[in-house]
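**Q** Pasting the sequence and the predicted coordinates here, then a few questions.
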Amino acid sequence: KAGVTQTPRYLIKTRGQQVTLSCSPISGHRSVSWYQQTPGQGLQFLFEYFSETQRNKGNFPGRFSGRQFSNSRSEMNVSTLELGDSALYLCASSLASGGNQPQHFGDGTRLSIL
Amino acid sequence: AQKVTQAQTEISVVEKEDVTLDCVYETRDTTYYLFWYKQPPSGELVFLIRRNSFDEQNEISGRYSWNFQKSTSSFNFTITASQVVDSAVYFCALRDLSGGSNYKLTFGKGTLLTVNP
């Protein structure tokens, strides 16, 4: 069974640009969550989608947005990139939303802002 | 508000030693879930275990064991006879119904475990 797939693995952008990251969940999983990981802040929750609806949202500015498609695949978009957005962005999927559902993570997309 | 504290930033042991990774959590909810994840250098977070707040039984899986104590709000993780392949960052995480919203997952800062041959 294929795991969570994130593309691209690495990305280099400059300040002011925008970026879109993609996540394909494990087959049958309907919930997708996104996290930002940095050395200083650690792992921080961005948002969670279930059945194409955002169910949870973390404390990030509106420049960070996402969506989920009918096949459960998800994309995350960051507009007007800032140096501080440099991070590893992790996507996780689970069968359902919340509760005791363990999340299974992808390898992440490492975003570097120059 | 929910919070997870992993006081040990880094631990270094020699192969075959036992090592315990500490995790202390804070939550106002009576129903919550605790998780441990392993992050090897490749970056992917690997799910290790889930525990709900109503189940205080300790669990053992091979060389891994977990000690959940509600009285001290702790969910510690012990690796017995550590191996070099255990070297990774280990995260403890809490999921509760914080602020009346849907369940939200909060991670600790992680503990970097280095097992030397």
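**A** Sure, I can see it.
**Q** In its sheet, which strands sit next to the helix or strand of chain A with the lowest mean pLDDT, and in what direction?
**A** Taking mean pLDDT, DSSP states H and E as the measure, chain A has strand A:53-57 as its least confident helix or strand, at a mean of 88. Sheet partners assigned to strand A:53-57 using DSSP bridges are listed as strand A:42-50 (antiparallel).
**Q** contacts for the strand it pairs with?
**A** A:30-38, A:54-60, A:64, A:66-68, A:74, A:76, A:89-90, A:96-98, B:91, B:102, B:104-110 (C-beta atoms under 8 Å, 6 or more residues apart in numbering or on different chains). (Glycine included, C-beta is placed from N, CA and C.)
**Q** Quick one: name the residues of chain B near chain A.
**A** Counting by C-beta under 8 Å from any C-beta of the partner chain, chain B comes close to chain A at B:33, B:35, B:37, B:42-47, B:50, B:52, B:91, B:95, B:101-110.
**Q** The closest residue to residue A:89 other than its chain neighbours: what's it in contact with?
**A** Spatial nearest neighbour of residue A:89, excluding adjacent residues (C-beta to C-beta, 6 or more residues apart in numbering or on different chains): residue A:109 at 4.8 Å. By C-beta under 8 Å, 6+ apart, the contact set of residue A:109 is A:6-11, A:21, A:88-89.
**Q** quick one: residue A:109 and residue A:4, what's the gap?
**A** 12 Å (C-beta to C-beta, to the nearest Å).
**Q** next one: residue A:69
**A** In terms of C-beta to C-beta, residue A:69 sits 15 Å off from residue A:4.
**Q** Look at the two and report which has more neighbours.
**A** Neighbours were counted for residue A:69 and for residue A:4 using other C-beta atoms under 10 Å in any protein chain shown; residue A:4 has more, 23 against 11.
**Q** Quick check: closest non-adjacent residue to the more buried one.
**A** Excluding the flanking residues, the one nearest residue A:4 by C-beta to C-beta, 6+ apart is residue A:106, at 3.6 Å.
**Q** Would you confirm that the one you found contacts residue A:88?
**A** No: in this structure residue A:106 lies outside contact range of residue A:88 using C-beta atoms under 8 Å: 10.6 Å.
**Q** More neighbours: which of those two?
**A** Legend: neighbour count by other C-beta under 10 Å for residue A:106 and residue A:88, higher for residue A:106 (24 against 17).
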